[in-house]
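1. sequence and predicted model, in that order:
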Amino acid sequence: MNLFEYTYDLVRQIPNGNVSTYGNVAKALGDIRAARAVGRMMNQNPDADTMPCFKIVYLDGRLGGFGLGIDDKIRRLKQDNISVEDGQIVDFENILFDDFKTDYPLKKLRSKQIELSKKVDTNDGFDEIENVAGFDVAYPKNDFDDCCGACVVMDYKTKEVIEEKTVFAKTFFPYIPTYLSFRESPFVKKLVGILDIKPSVLMLDGNGLMHPFGIGLASYVGVSLDIPSIGVAKSMLCGKLEGNTVKLDNKKIGYTLFSSKRAKKPVYVSPGHKISFETSLDIVKHLSKYKHPEPLRQAHILATTSLK
């Protein structure tokens, strides 16, 4: 779905003489976690004359940012009969709007995640690993420009690159914590569809089971494509550390791994689908030379250099 346009349509609902907040728009989308993404979408609004992003302010009535500058935001607010004093909306509580008509799209996507999480299998779904395909997506400064998805397939035994592919497309979904699947899975699916070599295992720059709902990017893609997958993330999205094991509600959801002696920070490894905890960790160790495992590191290099 195009969450940018859905969000812009919500903002267009705000009546003349009223304002709303980043948090209220996020709640209308279905999850307060989206508040920061709402700010980014407002900043990237392509036309402030047809989508009144200047009406979105902070929870305490402070103005917040504006792509065309604060002075222009104040000018537009005053044209809409909204007074501003010392960087604050006057009579804020009385002109605050939160009565959006919405079907809460993020709640629907969360339900989809939870349903798919029931299908995740943490048993090894293969006899032999011939290759591992690593995926990464590089983004331009403006989300409305083309992004680059890249895939690098490596031979598991020789560790040589045996195939590379890139795709270019726009994203219609901003980054929102715990919803990365809906931003990046379209790129991964397109790349898998154009590979000449059938991947034994998919390795993704994101989480698998190490996710509050047990369905991070690697699990979402693995289940959707029915291919074994591993998540390798840069930070711990949820859970607590016990040694090198990450647990959530006393259940193991992944591991930390310092993949080289020079690595100052670990990566976070978790099964995606059709792969065990131990095998996930073994594969990442086997393919690691620097901090990030080679399929992901090479895919990142390919994506960023191809985007320029």
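-> That came through, no problem. Numbers count the residues shown, from 1 in each chain.
2. tell me the predicted confidence for the residue nearest to the spatial centre of the chain.
-> Closest to where the C-alpha atoms of the chain average out (CA atoms, centre = their mean) is Leu180, at 2.5 Å. pLDDT, Leu180: 97.
3. got it, and Gly67?
-> For Gly67, pLDDT reads 84.
4. that one against Ala48, yeah?
-> Yes: look at Gly67 against Ala48 with CB atoms under 8 Å: they come within range, at 7.4 Å. C-betas here are computed from N, CA, C, even on glycine.
5. on that earlier part again, number of nearby residues for the closest residue to the residue nearest to the centre of the chain other than its chain neighbours?
-> Spatially, and ignoring its direct neighbours in sequence, Leu180 is nearest to Leu217 (4.9 Å; CB to CB, 6 or more residues apart in numbering). Leu217: 26 surrounding residues under other CB atoms under 10 Å.
6. equivalent analysis for the one 10 residues further on, please.
-> Residue neighbour count, defined by other CB under 10 Å, stands at 21 for Ile227.
7. was I right to think it contacts Leu195?
-> No: in this structure Ile227 lies outside contact range of Leu195 using CB under 8 Å: 10.9 Å.
8. spell out the secondary structure type for the residue nearest to Val84 when sequence neighbours are not counted.
-> Distances taken as CB to CB, 6+ apart put Ile74 closest to Val84, at 5.0 Å, once the chain neighbours are dropped. Counting by DSSP: H, G, I helix; E, B strand; the rest coil, the backbone at Ile74 sits in helix.
9. pLDDT at Ile74, what is it?
-> Looking at Ile74, its pLDDT stands at 95.
10. what about it, distance to Asn18?
-> 16 Å (CB to CB, to the nearest Å).
11. mind listing what's buried in stretch 213-231?
-> 214-225, 227-231 (16 or more other CB atoms under 10 Å).
12. okay, and which of those map to helices?
-> Within the buried residues of stretch 213-231, residues falling in helices by DSSP state H are Leu217, Ala218, Ser219, Tyr220, Val221, Gly222, Val223, Ser224, Leu225.
13. need the contact list for the second one.
-> By CB atoms under 8 Å, 6 or more residues apart in numbering, the residues touching Ala218 are 202-204, 206-208, 229-232, 270-273.
14. now these as CSV including secondary structure, distance to Tyr58 and pLDDT?
-> Shown next, in CSV, are those (DSSP: H, G, I helix; E, B strand; the rest coil; distance: CB to CB, whole Å; pLDDT from 0 to 100):
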residue, secondary structure, distance to Tyr58, pLDDT
Leu202, strand, 41, 98
Met203, strand, 40, 98
Leu204, strand, 35, 98
Gly206, coil, 30, 97
Asn207, coil, 30, 97
Gly208, coil, 36, 98
Ser229, strand, 39, 98
Ile230, strand, 40, 98
Gly231, strand, 34, 98
Val232, strand, 36, 98
Ser270, strand, 35, 98
Pro271, strand, 40, 98
Gly272, strand, 38, 98
His273, strand, 40, 98
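15. give me the buried subset of those residues.
-> Neighbour counting by 16+ other CB under 10 Å classes 202-204, 206-208, 229-232, 270-273 among the contacts of Ala218 as buried.
16. got JSON lines for these, with distance to Gly30 too?
-> What follows is these, written out as JSON lines (distance: CB to CB, whole Å):
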{"residue": "Leu202", "distance to Gly30": "28"}
{"residue": "Met203", "distance to Gly30": "30"}
{"residue": "Leu204", "distance to Gly30": "24"}
{"residue": "Gly206", "distance to Gly30": "21"}
{"residue": "Asn207", "distance to Gly30": "21"}
{"residue": "Gly208", "distance to Gly30": "24"}
{"residue": "Ser229", "distance to Gly30": "26"}
{"residue": "Ile230", "distance to Gly30": "29"}
{"residue": "Gly231", "distance to Gly30": "24"}
{"residue": "Val232", "distance to Gly30": "28"}
{"residue": "Ser270", "distance to Gly30": "25"}
{"residue": "Pro271", "distance to Gly30": "28"}
{"residue": "Gly272", "distance to Gly30": "25"}
{"residue": "His273", "distance to Gly30": "25"}
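17. quick check, nearest of those to Leu287?
-> Leu287 lies nearest to Met203 out of the buried ones among the contacts of Ala218, by CB to CB, at 7.8 Å.
18. can you give me the distance of that closest one to Lys157?
-> For Met203, the distance to Lys157 equals 16 Å [CB to CB].
19. verify the stated contact: Pro140 with Cys147.
-> Yes: with contacts counted by CB under 8 Å, Pro140 reaches Cys147, the gap being 6.6 Å.
20. please enumerate the shared neighbours of these two.
-> Shared contacts of Pro140 and Cys147 (CB under 8 Å, 6+ apart): Leu307.
21. how many neighbours does Asp60 have?
-> Asp60 - counted by other CB under 10 Å - has 9 other residues nearby.
22. contacting residues around it?
-> Applying CB under 8 Å, 6+ apart, we find Asp60 in contact with Gln88, Phe92.
23. fine by me, thanks again.
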